[in-house]
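**Student:** Build me a structure from this.
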Amino acid sequence: MSSISFPSNNSSFISGASSFEHDEHSHTPSFDNVSDAFHMNPLSAHPPRTPRPSTGMGSSVYGTEVYHKLDETPETKTTYEEDSEDEDDKARAEAEGKVRKEEIWRDLFTTSNGRDKALKIMQYSLRLYLVFHSGVTATSLLKNRKSSSWEADILKRFESTANGFSLTRRCLILFNWLVPLTSIMEQHNNAAVSGGDSSRKGKSKPLLHTLLNSPPPVLLDLLCGAADDVYTFHRLGMLGPKLGERAGRVADWCWFAGTLVNLVENTVERSVLLNLQHEVESRLYKESMSGQTAKSNPTANRIDDKELSRLQKQDFWIQVTRFKLLMDLIFVSYNVFRLNRAKRPVQTITGLTAAFLSTAKLYDRHKTVLIKAAKH
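**Tutor:** Residues are numbered from 1 along each chain as shown. Sure thing, here's the model as predicted:
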């Protein structure tokens, strides 16, 4: 197909088309290299259209180099994003290789929380040894009193060591009630500042009002920390037995209620996370069913794959936290409801399991921090 002619002056049409082709502000590419150009009617009310690929006989009018120019920017951008993501993955892999396990344990033990977990593992490991060897020692005492005297002495030493670990752990978590108290004071100060700006009277609500309006988990942490400190001072001999036992009961009830609240929050958080994970999986499934692969749409597939792996890892640690909370709930239920049947073995196993789970989570947290620092 050559050119379309109109029953008017052709020179005006050609000049109008040529002026449009050389307009530098136009987003439509010029067709200078095409011999048979399409001439636009300047009297037409419709604006010029962006050329589309044609399947008819006139496909040679819109050369293929036009579409290579149009697709040049997205392809370059996609390649740049892929290269940056590959470099980020390589940097993370190199950072993981640089971080050693000794460094992670060193940073973990420099914190009071890390030392508490280490002492908890040692404490309940000794208690587990005592649980499994108490029956054997009792039978050996009946058979041979001379040879079993040193065994009884070792068991007494292990029992004293486990009690010492317990008291040391309580001293490490002294004054933990300052954390929720600080958040309550910040909330009170913010409310006072906002109230003073709005009313300009300089009057603020009392601290008791802010304390009562605080979230229940914060109040439970505050009360539990204060009661734990009173019980610790009783264990140290500074307070009497009556006050110490009452404080221990209050701390157990606060621990029990706080564990239930954390279990509810954990369940809600996991449900939200599973919904997000289901959305990503559905999107990947639709892309696979529509014929899109990692080669046809590499950026979208890579982003979805990374998002899915991130959500799966987060879901794993949420389940670890839930299992740890269940162990804590079983442990404290024996103290709250004063259960005596199989109390020592059950509390030993649940306490040791909770210690390993919390240590693993803390280890992963410190590892992530060191990897991020090594990348920079």
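
**Student:** Can you tell me the SS state at Met238?
**Tutor:** Met238 carries the three-state label coil when classified by DSSP: H, G, I helix; E, B strand; the rest coil.

**Student:** Tell me which residues touch it, please.
**Tutor:** If you count contacts by CB atoms under 8 Å, 6 or more residues apart in numbering, Met238 has none. The way it works is simple: take the backbone N, C-alpha and C, and place the C-beta from them, glycine included.

**Student:** can you start the count at 35 instead of 1 from here on
**Tutor:** In the new count, where the first residue is 35, that last one comes out as Met272.

**Student:** so what pLDDT did it get?
**Tutor:** Residue-level confidence at Met272 comes out at 94, pLDDT.

**Student:** again with Trp184
**Tutor:** At Trp184, the model reports a pLDDT of 79.

**Student:** Please, which helix or strand holds Leu208?
**Tutor:** Taking DSSP states H and E as the criterion, Leu208 maps to no regular element, lying outside all helices and strands.

**Student:** cool, Cys288 as well?
**Tutor:** With the criterion set as DSSP H and E, the secondary-structure element containing Cys288 is helix 275-323.

**Student:** what's the following helix or strand after that helix?
**Tutor:** Tracing the chain past helix 275-323, the next element assigned as helix or strand by DSSP H and E is helix 332-370.

**Student:** you'd agree Leu142 is up against Asp150?
**Tutor:** No - the pair formed by Leu142 and Asp150 falls short of the contact definition of CB atoms under 8 Å, at 10.8 Å.

**Student:** okay, the angle between the helix holding Cys288 and helix 332-370?
**Tutor:** 160 degrees (axes from the mean of the first three to the mean of the last three CA atoms, to 10 degrees).

**Student:** what sits against Leu294?
**Tutor:** Taking CB under 8 Å, 6+ apart as the criterion, Leu294 is in contact with Leu363.

**Student:** quick one: it from Arg140, how far?
**Tutor:** In this structure, Leu294 and Arg140 are separated by 36 Å, where distance is defined by CB to CB, to the nearest Å.

**Student:** how many neighbours does the nearest residue to Lys401 once chain neighbours are set aside have?
**Tutor:** Nearest in space to Lys401, with sequence neighbours left out and distances taken as CB to CB, 6 or more residues apart in numbering, is Ile138 at 5.1 Å. Summarising burial for Ile138: neighbours were counted as other CB atoms under 10 Å, giving 20.

**Student:** Could you pull up the residues touching Ile138?
**Tutor:** With contacts taken as CB under 8 Å, 6+ apart, Ile138 has the following neighbours: Tyr397, His400, Lys401, Leu404.

**Student:** Arg372: which of those is nearest?
**Tutor:** Of all the contacts of Ile138, the one sitting nearest Arg372 is Tyr397; the distance, using CB to CB, is 35.0 Å.

**Student:** And the closest one, what's its pLDDT?
**Tutor:** On the pLDDT scale, Tyr397 is placed at 96.

**Student:** And what about it, helix, strand or coil?
**Tutor:** For Tyr397, the reduced secondary structure class is helix; criterion used: three-state DSSP.

**Student:** distance of it from Val133?
**Tutor:** Counting by CB to CB - Tyr397 and Val133 are separated by 12 Å.
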